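> okay, sequence plus prediction incoming.
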Amino acid sequence: MTIGEIKQRVADIEAVEDNDFESSHGNEDNLHEDVLQAIADGDFGEASKWAAEALKSCDIDFHRYCA
């Protein structure tokens, strides 16, 4: 996992936020899970940077519904 990959995934989430908030929400959940999984797997290379970058998706304004 690289910072560039995370930035791209955040950009992808933002790109569809208005048209498909369900996909945006799912993609955001997947991104956060993937970052946590990488850290859990022992890949601590840039863990704090990955987390900070991934959390930028929380600043994207789209509906987040939970059942």
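Thanks, I have the structure now.
> in the helix ranked longest in the chain, what's buried?
In the chain, assigned by DSSP state H, the helix with the most residues is helix 21-40. Buried positions in helix 21-40, judged by neighbour count with 16 or more other CB atoms under 10 Å: 21, 24-25, 27-28, 31, 34-35, 38-39. All C-beta atoms are positioned from the backbone trio N, CA, C, and that covers glycine.
> distance to residue 9 and pLDDT for these - can I get that in CSV?
Compiled in CSV, those are given as follows (distance: CB to CB, whole Å; pLDDT from 0 to 100):
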residue, distance to residue 9, pLDDT
21, 16, 82
24, 11, 88
25, 13, 87
27, 7, 92
28, 9, 90
31, 5, 93
34, 8, 92
35, 10, 90
38, 13, 88
39, 16, 87
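> tell me the centre residue of this protein?
In the chain, the C-alpha nearest the mean C-alpha coordinate belongs to residue 31, at 3.5 Å (CA atoms, centre = their mean).
> contact partners for residue 50?
When contacts are counted by CB atoms under 8 Å, 6 or more residues apart in numbering, residue 50 touches 1, 3, 6, 35, 38-39.
> how distant is the longest helix of the chain from the center of its chain?
Going by CA atoms, centre = their mean, to the nearest Å, the spacing between the C-alpha centre of helix 21-40 and its chain's C-alpha centre is 5 Å.
> now the angle from the next helix or strand after it to helix 21-40?
Following helix 21-40 in sequence order, the next helix or strand is helix 47-54 (DSSP states H and E). What separates the directions of helix 47-54 and helix 21-40 is an angle of 180 degrees, with axes from the mean of the first three to the mean of the last three CA atoms, to 10 degrees.
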